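Asks: Give me coordinates for this.
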Amino acid sequence: MKAITKQPAKRYGVRQRGFTLVETLVAIGAVALISVGIAAIFQSVGRTVTTGRRVSNFSQFATLVERQMRADFSRMTRDGYLVIHHQYASDLNGRRINVLPYEGALASEARQRRIDEILFFAKGDFTSAREPMSPGVIARSGTAAIYYGHGAVWPVGFDSLGNIWRRPEVNSIPTVTAPLTLGYRPGPTASVEEFPNQFSSSWNLLRHVTLLAPLASTETRYAPSGAFGYPANSPFLIDQDTQIALQPAAVSLSRTLSRMNLGAGGGPVVGPGIRPLRESSTAGLLIRRPLRSTGLVDIATTDLAEIRSITQSMAKTNKTDILRPRDIAGAGRFENFRKQQIEEDANDPVRRPGGFNVIPRLTRANIESPSTNPDRDVLSNIQNWMREAFPANSFGDPSSLAAESGAYIRMRAEQVPPDYFTASSLVDDLERTYRRADQLMLTSSVFVPRCSELIIEWSFGQADTNGRLVWYGGKETPGIAGNTIRLYPGLPSLKTNDAAWYRPFSSLPASAGTARNHPLSPNLVYDAASFANFELASAAMNTNAQATAHFGYIDPTWPGAGSPSASEPRTLPWAWPKLIRVTMTLSDPVDPSVEETFQFVFDVPADPMP
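Replies: Reported below is the predicted structural model:
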C-alpha cells in the first residue's frame, strides 16, 4: 500500500487593514467630546445639587430666624418705647463708605451696606443667657429690652489695653474705637487681626435680651448653704444694684447712668460692706460697674416705670433746665437734678401732674420751628434718652465718656470664645466659674452669623395711589437720586405739609373733637439732625449715613398751647407703626461671594385708644 503523504495546503497571505491616522484622531476627538459633555452634565448636576442644598440651608435657617423674631415682636409692649436706627456702614466721621464683602474681593465688589438696629420692650418669661454661678440659680424676669443689630468683634490687639480681648471685665471700655466701626478699614493693607469687622461677610447679627430686674424691697439670697466658701449670710451673695442671682447687672438701661455709682437711687439702701460676688476678693465698694457694651451683661436693675420716668422727664417744668446724657460726668449731677425735680413737682401739681411720668407740654409750632427753642430742646433730649438704651453708642452721639463720644461702635460679640480653655483651667473656683461664664457669654448673643446687611423699615399701614404699602426707612426716596433714607412723611417737601401727615385717631367718635384730626408730627419721630441731613442737596445727602425713628409714650404736642375741651381726651398716645419689615442678607459660609436675601413683615401692637 502506497503511503500518501498529505501536503499542507498553501495559504496565501491576507492583508490586515488598520485605522488610518485621520480615523484615529476623529475617534479620539469623538471620545473627548463625549467625555467633556458627560463631565459638563455631571458638573451642572453637581452645581444644581450644591445650589439646591445652599438655598435649602439658607431657607431653613431663615425660617428659624423669622420664628424667633415673630415671637419677640408678638410680645412687644407699649409700656416701653420703640426705636429704629437706620444706618449705613460709615467711616469714623459718620460718612457712608463702600464695604468689601470678603478678604480678597475686588474693589468693584464693594458697595454701601445697611446695618440697621431696633430696640423695644417685651413681656414674657425671660432668663439670663449667662451660665449659672451656682446650680439652679438662674436670673429671670417678666420684662426685658430686646435689641436686634450687628455686633462687633474685638481685635486681638486689645490685649495691649489690659488683656481685655482675652480676659474682659464687665466694665472694659476700649480707648480705641476705629476697629469696632463696621466696614471701616484705614487702607488696603489693614489686616483682619487689626480690623476684624472690615468685611461684611464676617458680620454677626445679634439678638440681645436685657432682663429688667429691679431690686426687691427685701434682701434676696440664692445660696442657703453658702457658695464659693462664703456662708449663707455673706453680703456677697445677696441681690444688689450691680448683681442679680449672683450675675453682674447694670444699674440702669442708660449707657451713661450704667457707669455711675448711683447709690440707693435705684432701689433699697445697700448696707456697708455689700459688694458683688466677683468683687469679693478686692478692696473697695462696687469697683466695677457692669456695662452691656462689653457683651458680658444681660441684666439691668431697673423696671419699665423707672425707664419711662428717666426717658420722659429729664427737663424741669421751665423747659430750660435740661439734663442731657452728655452732661452727666458723675452720679451727683444726676441725683441732684432728680432731687430738685421732686421738690419742684411738689409745689407745681398743675403744670406737672403725675410727677416724673408726664413730660412738659410742647407745641407743634415750636418743635417744627427751624430755630432753636426750649420745646425743641426738650423733645431732642427725650429722643436722646431713648437712644441711651442701645447697648453701645452707634449713633455718634456726644458722651461724657471721651472714649465713646462721637463714635459709631457696636456691642461686643464673638463667634468663638477667645480664651475658654484657660478660663476653664483656673484653680480658684470662683474665678474659674465667672471667667468661664464670661467666655460663653461673648458668643451667646450671636443670632445670625455672616449677616452682611440688615434693613429695618416701618409702616403705618397706609397705601399709596397704586395700592402699595408705604414704607419708611428704606434705601431710596422716590424722586431723589441715590441711596437716600426715606423718612416720614416721604419727600422733603411734605415735611411742612401737614395735610399729608398720618392721623392715627381719625376713627374716634365725633365727640373727640379736634383729636380726630390731630396729626403725627414728623419731628416727633425723627430728630432734628436726621431731618437736617434729609433736606440737603442730593449730592450731600448721599453721604448721610443714618436716621433714627423714635416712638414713645404720650404725644407731647397734644393739645398744644391750649387745653382740651370737656369731651376731648386729656392725652393722646404717641402713634406707633403698624408694621415692621426686616430685610436681611446672609453670606454663604463656604463661598462668601454668594449671598441670599430674605424679608419678613411683623405686626406691631396697636395704638391704645384714648
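
Asks: Could you pull out the helices in this protein for me?
Replies: 21-74, 255-258, 304-312, 331-346, 364-367, 374-387, 420-424, 429-444, 522-525, 528-534, 538-541 (DSSP state H).

Asks: residues making contact with the second one?
Replies: Applying C-beta atoms under 8 Å, 6 or more residues apart in numbering, the contact partners of helix 255-258 are 250-252, 289-293, 300, 310, 325-326, 328, 334, 388, 390-393, 399-401, 404. No exception for glycine: its C-beta is placed from N, CA and C like everyone else's.

Asks: which ones among those are found in strands?
Replies: Judged by DSSP state E, strands contain the following of those: Ala300.

Asks: Hmm, Arg292 and Ala389 touching each other?
Replies: No - using C-beta atoms under 8 Å as the test, Ala389 is too far from Arg292 to be in contact (9.4 Å).

Asks: more crowded one of these two?
Replies: Arg292 (27 against 24; other C-beta atoms under 10 Å).

Asks: and the residue positioned nearest the centre of the chain, what are its bridge partners?
Replies: By C-alpha atoms, centre = their mean, the chain has its centre lying nearest to Gly149, at 2.6 Å. Following DSSP bridges, Gly149 is listed with bridge partners Leu206.

Asks: now the strands for the stretch 501-610 of the chain?
Replies: 546-551, 579-587, 595-603 (DSSP state E, counting those that start in this stretch).

Asks: Would you indicate which residues of stretch 578-585 are buried?
Replies: For stretch 578-585, burial by neighbour count (16 or more other C-beta atoms under 10 Å) applies to 578, 580-585.

Asks: As CSV, could you dump the C-alpha coordinates of that stretch?
Replies: C-alpha atoms of stretch 578-585 as CSV (Å, rounded to 0.1, in the frame of the first residue of the first chain):
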residue,chain,number,x,y,z
LYS,A,578,-48.5,99.1,62.5
LEU,A,579,-45.9,97.0,60.6
ILE,A,580,-42.2,96.5,60.6
ARG,A,581,-40.4,95.0,57.6
VAL,A,582,-37.0,93.3,58.1
THR,A,583,-34.7,92.6,55.2
MET,A,584,-31.5,90.6,55.9
THR,A,585,-28.8,89.3,53.6
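
Asks: Run through who's touching that stretch.
Replies: Contacts with stretch 578-585, where a contact means C-beta under 8 Å, 6+ apart, come from 65, 69, 73, 84, 118, 205, 448, 451-461, 469, 471, 595-604, 606.

Asks: shaky segments in the stretch 351-500 of the chain?
Replies: Across the stretch 351-500 of the chain, the ranges flagged by pLDDT under 70 are 351-359, 476-483.

Asks: one more time with 50, if that's ok
Replies: Low-confidence segments of the stretch 351-500 of the chain (pLDDT under 50): 351-355, 479, 481.

Asks: can you check the stretch 1-150 of the chain too?
Replies: Along the stretch 1-150 of the chain, the model assigns pLDDT under 50 to residues 1-3.

Asks: on that earlier part again, I'd like to know which of the buried residues of stretch 578-585 is nearest to Arg435.
Replies: Met584 (33.3 Å; C-beta to C-beta).

Asks: pLDDT at the closest one, what is it?
Replies: pLDDT recorded at Met584 is 95.

Asks: same deal with the one 4 residues further on?
Replies: At Asp588 the predicted local confidence, pLDDT, stands at 92.

Asks: Identify the spatial nearest neighbour of it, chain neighbours not counted.
Replies: Val594 (4.1 Å; C-beta to C-beta, 6 or more residues apart in numbering).

Asks: and what of Ser567?
Replies: Ser511 (4.6 Å).

Asks: which of the residues in stretch 487-494 are buried?
Replies: 487-490, 492.

Asks: Taking those together, which two end up most distant?
Replies: So, these by C-beta to C-beta: farthest apart are Tyr488 and Pro492, at 11.5 Å.
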